[in-house]
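Participant: sequence-free structure coming up:
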Ligand SMILES: [Zn+2]
C-alpha cells in the first residue's frame, strides 16, 4: 500500500457518521434528478459518502430524511437506483470489520 501520508481527504458516511479516507467510501451524486453511485469519483456536483457495506445502504434506505444529504428535495423515486443493490442476493462484503 502506498501510504504517502500527504493530504488524505477524509469524508463522513451519511448513514453512520463514520469518518474515513474517501477511497474507503462510496460516493453518490445526483445526476438528472437521480441519485447514482459515482464509482470513479469524477462526477461534478455535491457528493454524499457511504460505507461500502450493505448495512449503511440499508440504514439510508430506511431514513426518511435522507434527502437532506443533498440539501434538496428528491423523493423516493430518485433513490431507486442506489437501493437496487439491496434487492439482489446478499453479498458478504465487509464481514471482517465488525466490532
Ligand atoms: Zn457508514
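Facilitator: Received, thanks. The structure displayed is predicted, hence computed values, not measured ones.
Participant: how far off centre is the longest strand anywhere in the chain?
Facilitator: Counting residues, the longest strand in the chain under DSSP state E turns out to be strand 26-31. Centre-to-centre, strand 26-31 and its host chain are 7 Å apart (Cα atoms, centre = their mean, to the nearest Å).
Participant: may I have the strands that pair with the helix or strand that that strand is followed by, each with its orientation?
Facilitator: Going down the chain from strand 26-31, the next helix or strand is strand 34-37, by DSSP states H and E. Strand 34-37 has these partner strands in its sheet, going by DSSP bridges: strand 26-31 (antiparallel).
Participant: can you tell me the average pLDDT over the partner strand?
Facilitator: The pLDDT scores in strand 26-31 average 96.
Participant: flag every residue of the protein that's near the ion.
Facilitator: Within the chain, the positions adjacent to the ion are 13, 15, 16, 18, 51, 56 by Cβ under 5 Å from the ion. The way it works is simple: take the backbone N, C-alpha and C, and place the C-beta from them, glycine included.
Participant: swap the cut-off to 8 Å and go again
Facilitator: Residues of the chain lying close to the ion (Cβ under 8 Å from the ion) are 13-18, 25, 50-51, 53, 55-56, 59.
Participant: so how many other residues sit close to residue 8?
Facilitator: Number of residues near residue 8 (other Cβ atoms under 10 Å) recorded here: 11.
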